[in-house]
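**Q** sequence plus the predicted model coming up.
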Amino acid sequence: MKKLLQSKRRGSAIPLTVVAIIILLAMGVGLLSLGFNGRVYSIRTTSDIKARCAADAGLEMALFEMNKKLKVKPWNDSTLPKAINVKLPYYDATCSYRVIGSLAGGYILQSLGKSGNANRAVSATIKLQSGFSHAILTKDQLVLKSDTKVDAYNSADPTDTEFEVDIGSQSNANDSVVLNMGCVVNGDVFVATGADLDDAIKGAGTVTGDKYTSAPEPLPPVTAPVLPAKPPIDITGQTLSLTPADSGSYPEIYLRQGDLLDGKKVIGTVPSIIEVSGGEVVLHLTGDIQLENLCEIIVKPGSSLTIYTDGNIHSRNGSSISTENPPEAATSIQIYTTGEDKQFIDIKAKSEFTGTIYAPDDDVVLYAKGDAYGSIVADSFNYMAGGNFYFDEALRDNVNIDDEAVIFVVNRWYESAPKFAPEINPAEIVPILEDDPMK
């Protein structure tokens with residue numbers, strides 16, 4: 001009996017061992033399958049993320065190419081940017097992109113990213129953004145003197161009373177925006193991402209809107225147009241008229257005071273005056289503009305003055321660069337700095353000032369005995385006035401493809417089906433250069 005029981009115990013161990021082995025095999029296969037599936041899922045997810053990033057990169061390339069086309073005047077959209085299978089450096093993915101649409105109907109950017117078997121596509125509508133989309137924008141410090149109010153008007157629609165106004169700096173340093181005692185900004189104030197709002201926006205001024213941080217936006221350089229060469233303007237105690245026929249490239253403008261004589265006796269001074277009339281006058285200054293005391297540049301009603309300057313602008317006491325009957329459209333006076341070296345712009349106005357100044361790499365000081373109307377872009381800006389600053393919303397709302405400093409920006413971004421319809425035609429591809437900064 002004892003031998004029989006021992007025999008049964010030995011025989012029962014074999015099935016138990018087999019069952020155990022089967023269970024362990026099943027668990028091993030399950031774990032192996034789980035690991036394999038996890039690995040496959042990880043690879044797919046990684047490829048999907050890479051494809052999505054590549055698609056976003058393609059969108060940025062398309063936007064860059066569109067903004068590069070803006071530098072070529074006049075605008076021509078008969079050939080729009082396209083590229084296929086662009087290999088991204090240091091990245092296992094490719095992208096293809098194209099731009100479709102027209103100036104009248106709007107443009108759409110389409111981009112397809114590929115990594116392994118993963119395909120992701122994104123699209124975006126774009127719009128034109130004016131170089132003057134803010135009341136005041138600086139790269140460095142912005143200072144408003146005491147009792148200044150910042151508000152808006154719309155030269156294109158006098159009935160418009162709903163204004164969106166903001167001022168700001170692309171710096172995140174302390175004291176990037178200084179609002180002195182009594183200043184009121186009827187809108188928002190912003191500084192660059194990473195700033196401490198309490199340290200970057202200083203002063204006892206009041207902000208009726210929000211204070212916030214924002215990523216710096218591109219400020220494209222402006223190139224002076226090619227104009228006929230003209231002799232320098234250097235006058236003393238005279239009045240000179242400039243009309244569209246006098247548009248050209250001038251070495252300098254120097255307005256000097258002359259003596260007011262009674263016989264041979266000097267009884268006073270006579271300022272020099274330039275009167276701009278007859279339409280649109282465009283000047284390129286390869287040197288400085290200097291206005292001695294009481295001298296003036298006056299833009300008559302119905303006319304405009306656009307200045308591209310490689311040099312500085314010096315306005316001494318009592319001098320003035322202004323429109324005769326302000327406020328008008330801010331495009332009545334437009335000043336663009338185009339020099340390679342650091343420039344200084346000192347603008348004075350005997351009463352109100354109406355105009356725009358685009359000097360993103362240069363220092364600007366504006367002094368008006370009355371209010372100022374328009375928009376300012378500068379490296380640093382000081383408003384030395386007892387009046388107010390009014391942003392002309394027409395500058396932001398009425399944007400033209402041929403305006404200076406205009407850029408394309410994304411208006412709406414969205415994901416789309418991972419394909420193009422119709423497909424990009426390789427014969428129409430615009431090649432990507434090896435040193436292309438967008439790569």
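**A** Yep, that arrived.

**Q** CA atoms for contacts and neighbours, from now on please.
**A** OK.

**Q** where exactly do the strands run in the stretch 1-150 of the chain?
**A** Along the stretch 1-150 of the chain, counting by DSSP state E, counting those that start in this stretch, strands occupy 82-87, 94-102, 106-115, 118-129, 136-138, 142-144, 149-153.

**Q** quick one: average pLDDT of the last one?
**A** Computed over strand 149-153, the mean pLDDT rounds to 95.

**Q** one more: the third one?
**A** Averaging pLDDT along strand 106-115 yields 92.

**Q** pull out the buried residues from it.
**A** By neighbour count on 16 or more other CA atoms under 10 Å, the buried set for strand 106-115 is 107-115.

**Q** can you give the strand pairings for that strand, parallel or anti for each?
**A** Note on strand 106-115: by DSSP bridges, its sheet partners are strand 94-102 (antiparallel), strand 118-129 (antiparallel).

**Q** so which of these is nearest Val18?
**A** Taking CA to CA, strand 118-129 is the member of the strands paired with strand 106-115 nearest to Val18, at 43.9 Å.

**Q** figure out how far that closest one is from the centre of its chain.
**A** Taking CA atoms, centre = their mean, to the nearest Å, the mean C-alpha location of strand 118-129 is offset from the chain mean by 19 Å.

**Q** hmm, who's touching it?
**A** 44, 47-48, 51-52, 55-56, 59, 106-114, 396, 399-401, 406-419 (CA atoms under 8 Å, 6 or more residues apart in numbering).

**Q** hey, C-alpha coordinates of stretch 303-315 in PDB?
**A** C-alpha atoms of stretch 303-315 as PDB (Å, rounded to 0.1, in the frame of the first residue of the first chain):
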ATOM      1  CA  SER A 303       0.400 116.100 -49.600                       C
ATOM      2  CA  SER A 304       2.700 113.600 -47.800                       C
ATOM      3  CA  LEU A 305       6.400 113.200 -47.000                       C
ATOM      4  CA  THR A 306       8.300 109.900 -46.800                       C
ATOM      5  CA  ILE A 307      11.900 110.000 -45.600                       C
ATOM      6  CA  TYR A 308      14.300 107.100 -45.800                       C
ATOM      7  CA  THR A 309      17.400 108.200 -43.900                       C
ATOM      8  CA  ASP A 310      20.800 106.600 -43.500                       C
ATOM      9  CA  GLY A 311      21.900 109.300 -41.100                       C
ATOM     10  CA  ASN A 312      20.600 111.100 -38.000                       C
ATOM     11  CA  ILE A 313      17.800 113.700 -37.600                       C
ATOM     12  CA  HIS A 314      18.700 116.700 -35.400                       C
ATOM     13  CA  SER A 315      15.900 119.200 -34.500                       C
END
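
**Q** I'd like the average pLDDT over that stretch.
**A** For stretch 303-315, the per-residue pLDDT averages 96.

**Q** then stretch 240-255?
**A** 97.

**Q** buried ones in it?
**A** Buried residues in stretch 240-255 (16+ other CA under 10 Å): 242-244, 247-255.

**Q** in a markdown table, list these along with distance to Leu366.
**A** Putting the buried residues of stretch 240-255 into a markdown table (distance: CA to CA, whole Å) gives the following:
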| residue | distance to Leu366 |
| --- | --- |
| Leu242 | 24 |
| Thr243 | 26 |
| Pro244 | 27 |
| Ser247 | 25 |
| Gly248 | 26 |
| Ser249 | 25 |
| Tyr250 | 24 |
| Pro251 | 24 |
| Glu252 | 21 |
| Ile253 | 19 |
| Tyr254 | 19 |
| Leu255 | 19 |
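
**Q** so which of those sit within strands?
**A** Members of these lying in strands (criterion: DSSP state E): 242, 248-250, 253-255.

**Q** just the closest of these to Asn388, please.
**A** Leu255 (28.2 Å).

**Q** could you list every helix and strand that the biggest strand by length in the chain packs against?
**A** As assigned by DSSP E, the longest strand anywhere in the chain is strand 353-368. Strand 353-368 sits against strand 320-323, strand 333-337, strand 344-349, strand 372-383, with contacts defined as 3 or more CA pairs under 8 Å, 6 or more residues apart in numbering; DSSP states H and E.

**Q** which among these is found nearest to Asn180?
**A** Nearest to Asn180, of the helices and strands packed on strand 353-368 and by CA to CA, is strand 372-383 at 10.9 Å.
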